[in-house]
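Visitor: Requesting a structural model of the entry that follows:
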Amino acid sequence: HNRHHPRPTSTVLSMPVLSLLLLAASATAQDLGCKKFTQIYANGTQLCENMWGGAFKVVQNYSEAYTMWFFDDVNPNDAISQTLNPDGNTSICNLQFFHKTLPTPEGDDFTECHPWKEASCCTAQVANASNLKTSYGPDFHWDRCGTLSPACERFFVQEACFYECSPHIGLYRKYGGSACDPSDTQCSTVYDPNDSTHNTWQVHQMPIRQDYCDAWLVACANDMFCSADNGDFFSCGRVQPTPAPTEPEVRVEDNTTEKETLSGGIIALIVILVVVAVGLVGLVAFVYCREKAGKPVFQPLEKKSQPSMQLQPSVADHAQAQAV
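Guide: Predicted coordinates for the structure are as follows:
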């Protein structure tokens, strides 16, 4: 919620694709100058004053300072406004953007910003846990440097409820707020609709309790936040991360048929080898069993004597025998 710069005109959220977020994560952190809260803000005073662009000033005298959250039955800020701004009108919602015209009671579904249920300048739809963070667009998400711890994020939710729902904050409207100090040239008690620098939603120098701001820094000590312009929330909103690199299109060819043919050939070869192996095992087993039974399949080769050559009597020998 912009206290210092004009708000985005569109409230439609852009949800980036998860893959693009992952590709751009490192570039985003570098562009935003993401650092730990304690590296950006030396104390709670710097957090409340720097983060919100001059919307708040931190005060040690708690009888003259507002709180962004309370659990009492009676809103403690009522007494503060009576002290600091006795002529201020808190029966209207002086800020105007998502705000109502008058602070009115809300129903039982008004739970996120429950301290203002009995007199709220916001509706239950505005005071939704998700909408409080996302209604002003992705540039104004408080977790652009990474997911915040629940303890830390709770303070951002409380501040958002305070801005959207409290009728007291409207007294400090930068242009047209009754609490503007006449000596302060940065604000005006009169709103000029013809002046392009004027708007109806900016807040200027509202006093906030120091202990509240100190507790905020303690809760967020180990969380990461944008450090641009000394951690100014709205300056960070103007930082646009480096676009994620476009990956070249990868062409995947369909070679399913080839793969199926190759797989079929391999399977056939395996089947043949298995059949041959089984056959060989069977043959060996058969031969072994015959040998054990004394009926060998293969007879050993034995040497046979060569037959003597019987010479046939010649004609001469026959003639000689007749002569004798």
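
Visitor: Strands of this protein, start to end?
Guide: With DSSP state E, the ranges of strands along the chain come out as 35-36, 56-59, 206-209, 224-225.

Visitor: For the second one, list every residue counted as buried.
Guide: Put plainly, it is strand 56-59. Of the residues in strand 56-59, those buried under the neighbour-count criterion (16 or more other CB atoms under 10 Å) are F56, V58, V59. C-beta coordinates here come from the backbone N, C-alpha and C atoms, glycine included.

Visitor: Let's see it as PDB, backbone CA atoms only.
Guide: As requested, the backbone C-alpha atoms of strand 56-59 are provided in PDB (Å, rounded to 0.1, in the frame of the first residue of the first chain):
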ATOM      1  CA  PHE A  56       5.400   7.400   9.800                       C
ATOM      2  CA  LYS A  57       7.600   9.000  12.400                       C
ATOM      3  CA  VAL A  58       8.700   7.100  15.500                       C
ATOM      4  CA  VAL A  59       8.000   8.600  18.900                       C
END
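
Visitor: quick one: average pLDDT of it?
Guide: On average, the pLDDT along strand 56-59 is 98.

Visitor: cool, and stretch 63-78?
Guide: Per-region confidence: stretch 63-78 scores 96 on mean pLDDT.

Visitor: so how far is the first residue of that stretch from its last?
Guide: Chord length of stretch 63-78, first to last residue, is 11 Å (CA to CA, to the nearest Å).

Visitor: quick one: contacts of it?
Guide: Outside of stretch 63-78, the residues within contact range by CB atoms under 8 Å, 6 or more residues apart in numbering are 58-59, 80, 83-84, 90, 115-116, 119, 158-159, 161-162, 166, 168-169, 206-210, 212.

Visitor: what about the strands of the chain, which gets the closest to C152?
Guide: Among the strands of the chain, the nearest to C152 by CB to CB is strand 224-225 (8.9 Å).

Visitor: from the chain's centre, how far out does the closest one sit?
Guide: Relative to the chain's own centre, strand 224-225 is displaced by 15 Å; criterion: CA atoms, centre = their mean, to the nearest Å.

Visitor: hey, where'd the helices end up in the stretch 151-300 of the chain?
Guide: For the stretch 151-300 of the chain, helices defined by DSSP state H, counting those that start in this stretch occupy the ranges 210-219, 228-231, 233-237, 256-292.

Visitor: Throw the ones you listed into TSV and include mean neighbour count and distance to T104, thanks.
Guide: What follows is the helices of the stretch 151-300 of the chain, written out as TSV (neighbours: other CB atoms under 10 Å; distance: least, CB to CB, whole Å):
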stretch	mean neighbour count	distance to T104
helix 210-219	19	26
helix 228-231	17	35
helix 233-237	22	29
helix 256-292	10	66
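
Visitor: Would you single out the least confident of those helices?
Guide: Taking each of the helices of the stretch 151-300 of the chain in turn, the one with the lowest mean pLDDT is helix 256-292, at a mean of 69.

Visitor: quick one: contacts for the residue nearest to C226 when sequence neighbours are not counted?
Guide: Nearest residue to C226, sequence neighbours excluded (CB to CB, 6 or more residues apart in numbering): C236, at 3.6 Å. If a contact means CB under 8 Å, 6+ apart, then C236 has L32, R144, C226, A228, D229 as its contacts.

Visitor: one more time with 7 Å, if that's ok
Guide: L32, C226, A228 (CB atoms under 7 Å, 6 or more residues apart in numbering).

Visitor: same deal with K57?
Guide: Contacts here follow CB under 7 Å, 6+ apart; on that basis K57 touches E49, Q205, P207.

Visitor: any idea how far it is from I169?
Guide: Here the criterion is CB to CB, to the nearest Å. By it, K57 lies 13 Å from I169.

Visitor: Ok, S149 next?
Guide: For S149, the distance to I169 - CB to CB - is 26 Å.

Visitor: got any ranges where the protein has weak pLDDT?
Guide: Within the chain, the stretches with pLDDT under 70 are 1-30, 241-265, 284, 286-288, 291-324.

Visitor: Need the strands of the chain in TSV (columns: distance to G279).
Guide: Below are those laid out as TSV (distance: least, CB to CB, whole Å):
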stretch	distance to G279
strand 35-36	76
strand 56-59	92
strand 206-209	93
strand 224-225	72
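
Visitor: between those strands, which one is nearest to V271?
Guide: Among the strands of the chain, strand 224-225 sits nearest to V271 (CB to CB), with 62.0 Å.

Visitor: Hmm, G177 and N85 touching each other?
Guide: No. In this structure, N85 sits apart from G177 without contact. The criterion is CB atoms under 7 Å, and the distance is 9.2 Å.
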